[in-house]
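Engineer: take this sequence and fold it.
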Amino acid sequence: MAGRYESWFLSARDAEPGRPPRALWIRHTHHRAASAETGSVALWCTVFDPSAGSPAAVKQSAPAFPANAVATPERF
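Structural biologist: Got it, this is the predicted structure:
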């Protein structure tokens, strides 16, 4: 079976006049190596704010998303 890599992301930018621009980047990835039966997932979030110094980033990895990790109109 062929390997697979899938990545989805959302980015937002705040460019208020008179202030350095800030940005937010959220990414979800799913990876499965060609030789693996199962894959892994990761969630990433990075905040870019020049007034705060270096970008702040977090990443959480797991073997798979929980079955209840589904967004609906009633739940996110």
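
Engineer: just the element for the closest residue to Gly3 other than its chain neighbours, please.
Structural biologist: If you skip the residues right next to it in sequence, Gly3 has Ala34 as its closest partner in space, 3.7 Å away by Cβ to Cβ, 6 or more residues apart in numbering. C-beta: built from backbone N, CA, C; applies to glycine. Taking DSSP states H and E as the definition, Ala34 sits outside all helices and strands.

Engineer: try His28
Structural biologist: Taking DSSP H and E as the definition, one finds His28 inside strand 22-32.

Engineer: in the helix or strand just after that strand, what counts as buried?
Structural biologist: Past strand 22-32, heading to the C-terminal end, the next element that is a helix or strand (DSSP H and E) is strand 40-48. Of the residues in strand 40-48, those buried by neighbour count under the rule 16 or more other Cβ atoms under 10 Å are 41, 44, 48.

Engineer: about what we covered before: run through who's touching the strand holding His28.
Structural biologist: Among residues not part of strand 22-32, those counted as contacts by Cβ atoms under 8 Å, 6 or more residues apart in numbering are 3-14, 38-50.

Engineer: one more time with 6 Å, if that's ok
Structural biologist: For strand 22-32, the surrounding residues in contact (Cβ atoms under 6 Å, 6 or more residues apart in numbering) are 3-14, 39-49.

Engineer: mind listing what's buried along it?
Structural biologist: Taking 16+ other Cβ under 10 Å as the basis for neighbour counts, the residues of strand 22-32 that come out buried are 22, 25, 29, 32.

Engineer: can you tell me how far the second one is from Val47?
Structural biologist: Distance of Trp25 to Val47, computed by Cβ to Cβ, to the nearest Å: 8 Å.

Engineer: what do you get for the first one?
Structural biologist: Using Cβ to Cβ, one obtains 7 Å as the distance from Arg22 to Val47.

Engineer: relative to its centre, which residue of this structure is most distant?
Structural biologist: Within the chain, Gly18 marks the point farthest from the mean C-alpha position, 29.1 Å out by Cα atoms, centre = their mean.
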